[in-house]
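Asker: All I have is the shape, not the residue letters:
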Ligand SMILES: [Mg+2]
Ligand SMILES: [Zn+2]
């Protein structure tokens, strides 16, 4: 049963929202102890919200397109009166006095927040192991990571804990865990979904997006949350075009991005999946060719200068003065420094250090400034590619889900997990991952579809077609 | 082993970032940041004169709001989250230096 | 010549003469309804932490949205002070830790400010202004214990009501050469800001804060000396004192062969001294980078045109107009224009026909005195501008003497009565009919024949004395209501 059909049943009074929520809570009760997708299961709130939806239906009102659907919220989305931690000790126990725009929209559409999901601390990581509250495990193989940083939401949807999930994607943090957990995940065009209430990692890259079991369900959630928000200056004012339900790709021009497919360390079955998806699209009438987006090879380096730089500033506010953790000190500066040392985990400190260094006097031009110029090159190269191509194809992650602990000692190896997803963040473009069979050890493989800015409709068309190839 | 950074550099950066790092952490970050910066050398070494930096993926300008009052937060709710509050305000340990 | 002028000249002539090189950084709080990036009220003096929201508290996940009114104010300032407004300006983050700053960075403008290359003329000298930019204010910190001084306090309390209040920072070039000129610059700037309606510019309440960069160099040399930043001046007077002090301190150091250290010094008004300020090591590496949560400001032609149209007559032009059209002294024009509400009052009186010179006289004299004494503002006076014009009319047409008019004014400033009403009630209209007053004069002369004889026989001195006697007698007979000019003429006629 898809999320869309479940919501239709609830709207039509054929099924109660309560039963939908109870079913998911039962799944949580059965497997959450093994998976640890959630930092907090909002059992009572979810049941209350479900009751409200059922009451609306009873009154003859339409609760909205997400009626009764349990939605897993990444724990970096602010929820008023509900702890929001970013999986960090520094925010442990913090209850925001306001709610993120996306969460408001989920509620307004009849959706039911079912819990706050685990993440790499402040969304920094690719395995959901960097959490102050313990790692999340991949529902397909609990000895393996779910990917990250939105591993909790990806695992929750994959395990049937939630009908839909919300994550944030700064360098691949929705798409890579979606691929590793065998679900659909996408990052919309930068500015399409409001960031108001999303706890910032790297502001010029962060974007919220949906997780779902199917492409169509991802579209359902995206259409419920996107659109202009006056509280986010970077929100696109023009209303988005409806995504439609087309899967016809005849005549569409599809390019396989060489620089993102022939990367070092890519697993053969991952590469093979992209080739098979491309062949399938060709059979369905698309024109497929290999294209070059040369500056993509600098994406990872540029990203690991820009994102930490912005993060070093965004995370300065966790200083023990207004909310969250405080470790006492003899004076305010000592209190700040001790609080931050105790409250942040190793990866967060590493990136704050890196970003602070990249912005500091004498290094700005060589690092941050230079990375911003690379960003220009990447945007240019994509623009050139899109002159003759409608959408691009690449792997989502170079590998399938890896074992817990496999990369925790080697930051650079972990960073390489995002090599295929980062260019879309740097360019601000949308990209989606679609599960495309399994690789070695029966682990899910994702294929990534990249589109130009505001190109969600054509991106979804290809994604539906790829999904259709699997069945 | 990268020698891009010295311990002193790392200590200086930790100070700027207000992080009370342990000697072990200083040691570790000196090594790790060096490796990451070595990796970033491909970008640092590019000749990009004449390429404009992109600060922002969107070409938006003039996003402005009207000068209209909106509701404020309730003070009790705000201060309830504070590690320490006194007299309607946030309490902090003594401040050694004036604002720069 | 100022104290410093004398110091600089020296006594022996062996000492080199120094000249001060001063640049001013002025922070002004804009009087918008709401803060720079959120809808919290921009109000002074409310209960602590009641004007806060997720944005100005820097709560995780909050985002700034720029207040349009701030941009309009900045553009108006640009138009009023001859600034260039580049096609695009952007915000940066200035990163440093301080508990009064909720995000531990200040959103400010750095290398692309909204206004560049402006100037103001101060007594015929053009002071160039490097830039004016928009930025957010910080919260307020109160130090507890140790007499409220930061270094002796046991702890501090922070109120974020002021955090996020919009500021313009206006940075002059080092074109100022004396404390006096610095004061004149700030005073003129204040006048302009008030005239264009973007700030209430109260230095005492902290809505205008002035920092001075001061260096000295031997007269005739071009190279700039080491500059010292002086802060914490809370009035024009204290600005002048602090600069004079700093110039003297630097000259003394130079003369005794000491090196001048680049530093920031805090001014202590009571003690009349400045002191080096402690700030954290490395805290001046601000790691500026473009604020990713905001987009560029690209003022449209329409916004620019509106801003130009919103600039009213500026103080310098107003002073020039009053001098030229009313024929008043430059000093009086300055007194009026320095008090814009009073100048508006005067303008309104002139607009209904009163002669400018008389209006200026009353306004800078009795009325200003009354305002200073009572702390009232001209708008709330019971006597409206056309009432003043009416009073002046009564003097001009001879109904009231200047001294009677003053009595009438006193009453009109405290009670809502028109001057004519007071005159009628008190029956104090002056006797200015030549026939009526002539009869009184004749009677006085007739009843004082002896005095008149003495007058006729007397020398110059005695004649003067007797004339005063007759004058006094007539005043007495008319209950002091005689039109004195007319009386003098009548006495001249009668006494020959
Ligand atoms: Mg400033
Ligand atoms: Zn606010």
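Answerer: Noted; the coordinates are in hand. Given the structure is predicted, the values throughout are model-derived calculations rather than measurements. Ligands and ions are numbered 1, 2, ... in the order given.

Asker: Please count neighbours and contacts with C-alpha atoms only from this point.
Answerer: OK.

Asker: ranges for the strands of the chain?
Answerer: All of this is about chain A. A:38-41, A:70-74, A:112-117, A:164-169, A:184-187, A:207-212, A:253-257, A:287-291, A:391-395, A:431-438, A:444-450 (DSSP state E).

Asker: Sorry, I should have been clearer: chain B.
Answerer: Ranges of strands in chain B, per DSSP E, are B:64-65, B:85-86, B:89-93.

Asker: mean confidence for the longest one?
Answerer: Mean pLDDT, strand B:89-93: 98.

Asker: Run through the neighbouring helices and strands of it.
Answerer: Applying 3 or more Cα pairs under 8 Å, 6 or more residues apart in numbering or on different chains; DSSP states H and E, one finds that strand B:89-93 makes contact with helix A:332-343, strand C:155-159.

Asker: For those, could you give me a markdown table that also reports mean neighbour count, distance to residue A:449 and mean pLDDT?
Answerer: Below are these laid out as a markdown table (neighbours: other Cα atoms under 10 Å in any protein chain shown; distance: least, Cα to Cα, whole Å; pLDDT from 0 to 100):
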| stretch | mean neighbour count | distance to residue A:449 | mean pLDDT |
| --- | --- | --- | --- |
| helix A:332-343 | 23 | 38 | 98 |
| strand C:155-159 | 23 | 49 | 97 |
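
Asker: Mind putting the ones you listed into JSON lines with distance to chain B?
Answerer: Listed next are these as JSON lines, based on distance: least, Cα to the nearest Cα, whole Å:
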{"stretch": "helix A:332-343", "distance to chain B": "4"}
{"stretch": "strand C:155-159", "distance to chain B": "4"}
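
Asker: Residue C:271 is nearest to which of these?
Answerer: Nearest to residue C:271, of all those, is strand C:155-159, at 24.1 Å by Cα to Cα.

Asker: what comes up buried for the following helix or strand past that closest one?
Answerer: The C-terminal neighbour of strand C:155-159 among helices and strands, as given by DSSP states H and E, is strand C:166-172. Buried residues in strand C:166-172, defined by neighbour count with 16 or more other Cα atoms under 10 Å in any protein chain shown: C:166, C:167, C:168, C:169, C:170, C:171, C:172.

Asker: I'd say residue C:348 and residue C:379 touch.
Answerer: No - look at residue C:348 against residue C:379 with Cα atoms under 8 Å: they stay out of range, at 11.2 Å.

Asker: neighbour count winner among these two?
Answerer: Neighbours per residue, other Cα atoms under 10 Å in any protein chain shown: of residue C:348 and residue C:379, the larger number sits with residue C:348, 18 against 13.

Asker: Quick one: mean pLDDT for the helix or strand where that one lies?
Answerer: Counting by DSSP H and E, the element that carries residue C:348 is helix C:340-351. Computed over helix C:340-351, the mean pLDDT rounds to 96.

Asker: which other residues reach it?
Answerer: C:191, C:195, C:336-337, C:356, C:359-360, C:363, C:368, C:377-379, C:384-389 (Cα atoms under 8 Å, 6 or more residues apart in numbering or on different chains).

Asker: among those, which ones are buried?
Answerer: Taking 16+ other Cα under 10 Å as the criterion, what is buried in the contacts of helix C:340-351 is C:191, C:195, C:336-337, C:356, C:359-360, C:363, C:368, C:378, C:384-389.

Asker: Which two of these have the greatest separation?
Answerer: Going by Cα to Cα, the pair spanning the buried ones among the contacts of helix C:340-351 furthest: C:191 and C:387, at 27.0 Å.

Asker: Go through the chain and flag its longest helix.
Answerer: If you meant another chain, say so; for now it's chain A. helix A:17-35 (DSSP state H).

Asker: Chain C was what I was after
Answerer: helix C:236-255.

Asker: quick one: contacts for residue C:54?
Answerer: Counting by Cα under 8 Å, 6+ apart, residue C:54 makes contact with A:97, A:98, B:73, C:60, C:62.

Asker: could you dump those residues to TSV with neighbour count and pLDDT?
Answerer: Converted to TSV, the contacts of residue C:54 look like this (neighbours: other Cα atoms under 10 Å in any protein chain shown; pLDDT from 0 to 100):
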residue	neighbour count	pLDDT
A:97	18	97
A:98	19	98
B:73	18	98
C:60	26	98
C:62	26	98
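
Asker: and which of those residues is nearest to ligand 2?
Answerer: Nearest to ligand 2 out of these is residue B:73 (Cα to the ion; 8.3 Å).

Asker: what's the closest one in contact with, if anything?
Answerer: By Cα under 8 Å, 6+ apart, the residues touching residue B:73 are A:97, C:50, C:51, C:52, C:53, C:54.

Asker: burial count for whichever residue of chain A sits closest to ligand 2?
Answerer: Closest approach between chain A and ligand 2, counting by Cα to the ion: residue A:231, at 12.1 Å. Residues contacting residue A:231 under the criterion other Cα under 10 Å number 20.

Asker: measure it to chain B for me?
Answerer: Per Cα to the nearest Cα, to the nearest Å, residue A:231 is found 9 Å from chain B.

Asker: shouldn't that residue be in contact with residue C:67?
Answerer: No - between residue A:231 and residue C:67 there is no contact under Cα under 8 Å: 11.7 Å.

Asker: what separates the residue nearest the centre of chain A from chain C, distance-wise?
Answerer: Chain A has residue A:174 as the residue nearest its centroid, 2.2 Å off, counting by Cα atoms, centre = their mean. According to Cα to the nearest Cα, residue A:174 stands 18 Å off from chain C.

Asker: which parts of the longest helix anywhere in chain B are buried?
Answerer: With DSSP H setting the assignment, residue counts place helix B:23-39 as the longest helix in chain B. Neighbour-count burial for helix B:23-39, counted by 16+ other Cα under 10 Å, picks out B:26, B:29, B:30, B:31, B:32, B:33, B:34, B:35, B:36, B:37, B:38.
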